[in-house]
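1. Sequence first, predicted coordinates after that:
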Amino acid sequence: MRVIGALTGLCVLLIGMFVAWNWTMREPEGGVPSVEPRGWEYRWGDSPLDSDGLPVWLHAAGSGWQPIAFPANPPDRDGRDKVWFRLRLPDNQWHDPVLFIPSIDLIAQVYLGGRLIYQYGDFDAGDRIAFAGWPWHMIALPRDFAGKTLCLRVFSDYTSIGLWGQVRLIDRGEAYSQIIRRSAWDVAVSALALALAVFAAIFAVSGVERRSFGAIALFGGASGLMLLAEAPARQLIADNPLGWDLLRAFSYYMLPVATGLILAHWLKGSARRWMRRLWALHLGYVVLVVGLVQGGVINLSLTFPIFDGLLVATLPAMLALALWQWRALDGSQRTVVLCFAVFAPLLLADMLVAHGFLPWQPIPLSFGSLAFSLSCVAISLHRYHRVHRELARSHDTLEHQVALRTAELAQLVEELEGLSYRDALTGLYNRRHFDAAYAQACRRAVSRGECLTLAILDLDHFKRINDRFGHDAGDSVLVTLAGLLKAHQNTGESVCRLGGEEFALFSHTSPAALAARLERLLGRLCATPITRGEVCLGRVTFSAGIASYPMHSASPDGLLRLADEALYCAKRGGRSTVAIYSASVEPCLQQAPAGPGTRHAPRSVGGDAATPDERRQ
Ligand SMILES: Nc1nc2c(ncn2[C@@H]2O[C@H](COP(=O)(O)OP(=O)(O)OP(=O)(O)O)[C@@H](O)[C@H]2O)c(=O)[nH]1
């Protein structure tokens, strides 16, 4: 969805650019055409002042004046920083005439008919030329200017001296209209580059190919701001020429830094190292310039020639490094390098024009920036798509892994839960399970009216085995009994180890049937002596107490106590016995065991005997 949104935004921007391009290229309709005045003359140096404080040269006749095709860079400068230009103005044709000058190097006073009508720039306290920026100038003329002489007094310590661009006599309204028309395209390309910068910055911040997108964001931002700061309409947005030129210089100087960053990321080995040195050199220059200009040490205008000199060397070097590793680049990287190969000569040409090495002409820098920006947009979208696909793939893998781990965890939990209900030594269910399962069996017995019979078994004189043969031997006896109980367990019967040497089992069978089965087990157990390795532990017996619902108790909850009483009775009766609880017979204390067999236990035990609970403690 985000890609579709970005593409829609891009399409809207491109349509806007197409409209801007058409508008920029459209010839003005109607109105009085502008005139590029001819017949300029120049004179090096500065005029003395007359008694009224006016320059004498305003009235001087022909002596010392030389003809020049255009009022800029007269020959034989010899380090001079003052020059005069003059011009006899042609016939008046306009309603609100102005003299439009695209740029002046650097300070100028304009006189018409011996009167100062315009001044731009000044000298600072130290009588040095104070750079005030390179704005366009719209100099209002009186309607009767025809035939009068216009004089320009120009000061410059820059590489150029004079006027720049297409100096025209034009109607004020038409001048504004042309400014806006000529800016439309540059502003549109600038908007595209800035939008690209924002998108790339978002990608960079979100951590996707941080370096690449960071460099693209820097390039988009620098070229977008540079184009905006160069568009004639900038002055209509804010009348701050020096501020715009600072912005232009900063963004212009950052272009090789951004380009170097983009390319260095793709290159390898020594090409990469050299590319890094080149962009670092430019970054150092930017930092130095900002420091010196802000500190008032030098004029901003002086930093341009130095930068341009640097650029003449580094730009071709950057291009050469990128082309050197052409084979190692992928398709999208080659596209960017090709666009750079278009942009770099345009930058150099613009620079040559600015310093007068080429005749003045507008250089379509915006096309270079546009090509570079569009290729970056295409690559960004391509990479974003790829990264998105990879993310989706790893997301799927992650989900799969999470599902696997969750299943493993669930299994583990199940196992742990199972373990928590098992007795570690014998593998039988433990007391925890007994409590839950027995409660459930009680509910079922009551609701279905079924019989529930509970037996509690306890090994006889188990302590002696421990004491004589050791705890491990005792353990093996416990395991033997557990194995026997498990092996003879009926379906639907639960066998548990309650703790120590005490076991319990319950089922829906009758007490007599259960007692008969336990007696058989007791017979088996004591028939064969238990051995552990070479050691014979002797014969082992157990005693058991049985109670049943509803036969012995109105509620199955009371069975545990009754079965325990029966067990107690079996123990007191001589052990090795299975006793069924009975409320009607004599107390078991008076009974004598006769080997394995069923004994009837009393309902209660009295005298000095401990209760079953006390015994268990
Ligand atoms: N080896 C072993 N001994 C245990 C375990 N749990 C409890 N015992 C021992 O079992 C013995 C139980 O002793 P008593 O309660 O005196 O019971 P008894 O010796 O069997 O005597 P009667 O029950 O009266 O026949 C104690 O010595 C406990 O230390 C166990 O898991 N393994």
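-> Sure, I can see it.
2. Next up, the contacts around residue 43.
-> Residue 43 sits next to 57, 64, 65, 66, 83, 84, 86 when contact means Cβ atoms under 8 Å, 6 or more residues apart in numbering. Any C-beta I mention is one placed from the backbone N, CA and C, and that applies to glycine too.
3. Minimum pLDDT in the residues you listed, which residue is that?
-> Among the contacts of residue 43, residue 64 has the lowest pLDDT, at 85.
4. any idea how far that one lies from the ligand?
-> Using Cβ to the nearest ligand atom, to the nearest Å, residue 64 is found at 126 Å from the ligand.
5. Bridged to the closest residue to that residue other than its chain neighbours, which residues?
-> Using Cβ to Cβ, 6 or more residues apart in numbering and skipping residues adjacent in sequence, the residue nearest residue 64 is residue 43, 5.0 Å away. Counting by DSSP bridges, residue 43 is bridged to residue 84.
6. What about the contacts of residue 43, which are in strands?
-> If you go by DSSP state E, the contacts of residue 43 have 66, 83, 84, 86 in strands.
7. my guess is the first one meets residue 42, correct?
-> Pointing back at residue 66 there. Yes: with contact defined as Cβ atoms under 8 Å, residue 66 counts as touching residue 42 (5.7 Å).
8. which residues are common contacts for these two?
-> Shared contacts of residue 66 and residue 42, counting by Cβ under 8 Å, 6+ apart, come down to residue 74.
9. out of the two, which sits in the busier spot?
-> Between residue 66 and residue 42, counting by other Cβ atoms under 10 Å, residue 42 is the more crowded of the two (23 against 12).
10. ok, so what distance separates the more buried one from residue 148?
-> According to Cβ to Cβ, to the nearest Å, residue 42 stands 18 Å off from residue 148.
11. Quick check: which ranges of the stretch 251-400 of the chain have low pLDDT?
-> Applying pLDDT under 70 to the stretch 251-400 of the chain flags residues 380.
12. Which of the contacts of residue 43 ranks first by neighbour count?
-> Within the contacts of residue 43, residue 84 tops the neighbour count with 25 neighbours, counted by other Cβ under 10 Å.
13. would you say residue 144 is within a strand?
-> No: assigned with DSSP: H, G, I helix; E, B strand; the rest coil, residue 144 falls outside any strand and is coil.
14. Now do the contacts for it.
-> Applying Cβ under 8 Å, 6+ apart, we find residue 144 in contact with residue 92.
15. can you check residue 148 too?
-> By Cβ under 8 Å, 6+ apart, the contact set of residue 148 is 88, 89, 112, 113.
16. mind running it again at 10 Å?
-> Taking Cβ atoms under 10 Å, 6 or more residues apart in numbering, we find residue 148 in contact with 87, 88, 89, 92, 111, 112, 113, 114, 115, 141, 142.
17. what do you get for residue 263?
-> Residues near residue 263 by Cβ under 10 Å, 6+ apart: 215, 271-272, 275-276, 278-279, 318-319, 321-322, 325, 329, 333, 336-337, 340.
18. how about a cut-off of 6 Å?
-> By Cβ atoms under 6 Å, 6 or more residues apart in numbering, the contact list for residue 263 reads 275, 322.
19. Assumed it was part of a strand.
-> No: secondary structure of residue 263 (three-state DSSP): helix, not part of a strand.
20. Now do it against the ligand, distance only.
-> Here residue 263 is placed at a distance of 77 Å from the ligand (Cβ to the nearest ligand atom).
21. and if you look at residue 496?
-> To the ligand, residue 496 is 14 Å away according to Cβ to the nearest ligand atom.
22. pretty sure that residue contacts residue 504?
-> Yes: using Cβ atoms under 6 Å, residue 496 is in contact with residue 504, at 5.2 Å.
23. and for those two, which residues touch both?
-> residue 434.
24. List, one by one, the residues from the chain near the ligand.
-> Those residues of the chain that sit near the ligand, judged by Cβ under 6 Å from any ligand atom, are 425, 458-463, 466, 471, 474-475, 478, 500-501, 571, 575.
25. Name all residues that make contact with the residue in the stretch 151-300 of the chain that the ligand sits nearest to.
-> Closest to the ligand within the stretch 151-300 of the chain is residue 207: 58.6 Å, counting by Cβ to the nearest ligand atom. Shown in contact with residue 207 (Cβ under 6 Å, 6+ apart): no residues.
26. and it, which of the three is it?
-> Strictly by three-state DSSP, residue 207 counts as coil.
27. I'd like the distance between the nearest residue to residue 373 once chain neighbours are set aside and residue 434.
-> Leaving aside its sequence neighbours, residue 373 sits nearest to residue 193 (Cβ to Cβ, 6+ apart; 4.7 Å). Distance, residue 193 to residue 434, using Cβ to Cβ: 79 Å.
28. Tell me if residue 540 really is in a helix.
-> No: read with three-state DSSP, residue 540 is coil and lies in no helix.
29. Please check the residues of the chain next to the ligand and keep the buried ones.
-> Buried by 16 or more other Cβ atoms under 10 Å: 458, 459, 460, 462, 466, 474, 478, 501, 571, out of those.
30. now the closest residue to the last one other than its chain neighbours, what's its secondary structure?
-> By that I understand residue 571. Spatially, and ignoring its direct neighbours in sequence, residue 571 is nearest to residue 543 (5.1 Å; Cβ to Cβ, 6+ apart). Assigned with three-state DSSP, residue 543 falls in the strand class.
31. who's residue 543 bridged to?
-> Counting by DSSP bridges, residue 543 is bridged to residue 458.
32. quick one: low-confidence parts of the stretch 451-600 of the chain?
-> Using pLDDT under 70, the stretch 451-600 of the chain drops low at 584-600.
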